[in-house]
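> Next comes the sequence, and after it the predicted model I'd like to discuss.
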Amino acid sequence: MEEVVVGRIIAVSELNVSVLIYEEKIKIHDILYTYSKGKKIEFEVAEEEGKVVSAIPFQSVVGLKKGLEVYKATRGLEIEYSDEILGKVFDSYGNLIDGKEIEQEHRRNVYARNVSLEEINLNGGVLWTGIKVLDFFAPMQKGFKMGLLGGAGVGKTVLIKELIHNVYSGMNSNSVFVGIGERSREGKELYDEMSEAELLDKMSIVFGQMGENSAARSKAIFSGLTLAEYLRDEKHQDVLLFVDNIYRHVQAMSEINAELSRIPIENGYPANIESAISNVEERINSTENGSITSFQAIYIPADDVTDQAVQTITTHLDGQIVLDRKVAEKGLYPAVDVFNTFSKLIDIEKVGERHYRLVEETLRYYSRYRELEEIIAVLGIEELSVSDTNIFYRTRKLRNYFTQPMFVAENYTGIKGEYVEIDDILDDVENILRGVYDDVDESYFLFIGKYNGRK
């Protein structure tokens, strides 16, 4: 097909190529391209003002100069939209980066889908994961958006792998992982670990690497959403979507807006931060066909939870799972901080009175246990009342009980993984709280599935 010149470059900066357009009608998200030293360089239209458009380059702008002729691509930004997505790793622009090939391509525009109000199904049902501490303290409904907070080395990747394994085992549903601003080393580690755990063919991966420009980091999420939408809309699956890290998306958008000379608000964030995040979050929903349930890792700048971007992201979330280094240091995995982990589903009308009351009572025990630790450090355990002594020892059993042997960690731990039904979890927690197991040593509750009566 003959290439038609639509304009020429009139200014170039690292994240903005200004193009004077001749007669062609150009709109937002159109892809333009030019050639420099035999290399094709693409950019996506972000703003139009009369005959001049501002476009965000996908690659390095080195070699571009004023006067170069510009062409318009026949299609916008697209990614594969078929069963071929499974077991593959894509970059932000829908290109394979794992050395594999797709013989018969069937691609779709990454901005094509928006869920209408009529399509959204709020009665998606509960998505049980078989992981005790999550199903008890932060159960999820299909279509939920969960924040996943935790620094390096606290077990985030293992938890993600276990969720992928359990959801696939329970519902034969696939997953999508989106790395935004991912370190290439971490991306490779994840790829290798998923491959070793035989989970790679059950998922699809998109990486917008840290070393790439802001355009790559801002587009990764849209490519990932399109893959997840294929599994939901065409395969009728309940999909898990992992986003690591959603804050990096906001950061990339801020950099692009600064380059386009848009006046920022507080902390340099773009004035359209609300709509920028909504454009992502509103595509994560349940429909009659299936659901997309997301886990979104959130970086908190300077540990400031009141940060504008963090606040805007969390308003869209239905709950959060917080992994704590102090819990991990005690050798308790998953290292979940139960005080800061919550879900909108913990409601009498949603999970039932029994589950709700047990969570309430368990958190009361945990809270009192923290106070008792300080008392014991000063006075010794002998000074506690019978009631407090019971709370102390029962909480230690509960703490151990909420650890769990993971399927994906069997090779390292030598302990067979366990999937635990919610009814068994509630029975065990209730029995520990009631003192049924007071004569059982706390070590018997460490890294087990449901309690099987061992003493």
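It's in.

> what's the helix or strand for G208?
Per DSSP states H and E: G208 is located in strand 203-209.

> Flag every buried residue along the next helix or strand after that strand.
Using DSSP H and E, the helix or strand that directly follows strand 203-209 along the chain is helix 214-233. For helix 214-233, the neighbour count (16 or more other CB atoms under 10 Å) marks 214-233 as buried. Backbone N, C-alpha and C define where each C-beta goes, glycine included.

> residue ranges for the strands of the stretch 1-150 of the chain, please.
Under the criterion DSSP state E, counting those that start in this stretch, the stretch 1-150 of the chain carries strands at the ranges 5-13, 16-21, 31-36, 39-49, 52-57, 69-72, 78-80, 89-91, 107-109, 126-127, 140-141, 145-149.

> Other residues contacting the first one?
If I follow you right, that is strand 5-13. Residues outside strand 5-13 that contact it (CB atoms under 8 Å, 6 or more residues apart in numbering): 17-24, 26, 32, 34, 52-53, 61, 64-72, 259.

> orientation of it relative to strand 39-49 in degrees?
Interaxial angle of strand 5-13 relative to strand 39-49 (axes from the mean of the first three to the mean of the last three CA atoms, to 10 degrees): 90 degrees.

> Kindly report the same for the third one.
Direction vectors for strand 31-36 and strand 39-49, defined by the same axes, to 10 degrees, enclose an angle of 140 degrees.

> Please state the offset of stretch 179-198 from the chain centre?
14 Å (CA atoms, centre = their mean, to the nearest Å).

> ok so, going back, partner strands of the strand holding G208, with direction?
When sheet partners are counted by DSSP bridges, strand 203-209 sits next to strand 89-91 (parallel), strand 175-182 (parallel).

> how close does the nearest residue to M171 once chain neighbours are set aside sit to Q141?
Leaving aside its chain neighbours, M171 sits nearest to D238 (5.7 Å; criterion: CB to CB, 6 or more residues apart in numbering). The gap separating D238 from Q141 is 11 Å, by CB to CB, to the nearest Å.

> Next: G417.
G417 sits 25 Å away from Q141, going by CB to CB.

> What residues of the lengthiest helix in the chain count as buried?
Selection of the longest helix in the chain by residue count, based on DSSP state H, yields helix 353-379. Using 16+ other CB under 10 Å as the test for burial, helix 353-379 gives 355-356, 358-359, 362, 365, 369, 372.

> Show me what that helix is packed against.
helix 132-137, helix 386-401, helix 422-434 (3 or more CB pairs under 8 Å, 6 or more residues apart in numbering; DSSP states H and E).

> again, 10 Å this time
Counting contacts by 3 or more CB pairs under 10 Å, 6 or more residues apart in numbering; DSSP states H and E, helix 353-379 packs against helix 132-137, strand 342-343, helix 348-351, helix 386-401, helix 422-434.

> Next secondary structure after the longest one?
Scanning the chain past helix 386-401 towards its C-terminal end, the next helix or strand to appear is helix 410-413 (assignment: DSSP H and E).

> Just the mean pLDDT for that following helix, thanks.
Helix 410-413 shows a mean pLDDT of 82 in the predicted model.

> Can I get it as CSV, trimmed to CA atoms?
Backbone C-alpha positions of helix 410-413 (Å, rounded to 0.1, in the frame of the first residue of the first chain) are rendered in CSV as follows:
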residue,chain,number,x,y,z
GLU,A,410,6.7,-26.8,47.2
ASN,A,411,10.1,-27.2,45.6
TYR,A,412,11.6,-24.9,48.2
THR,A,413,9.7,-25.8,51.4
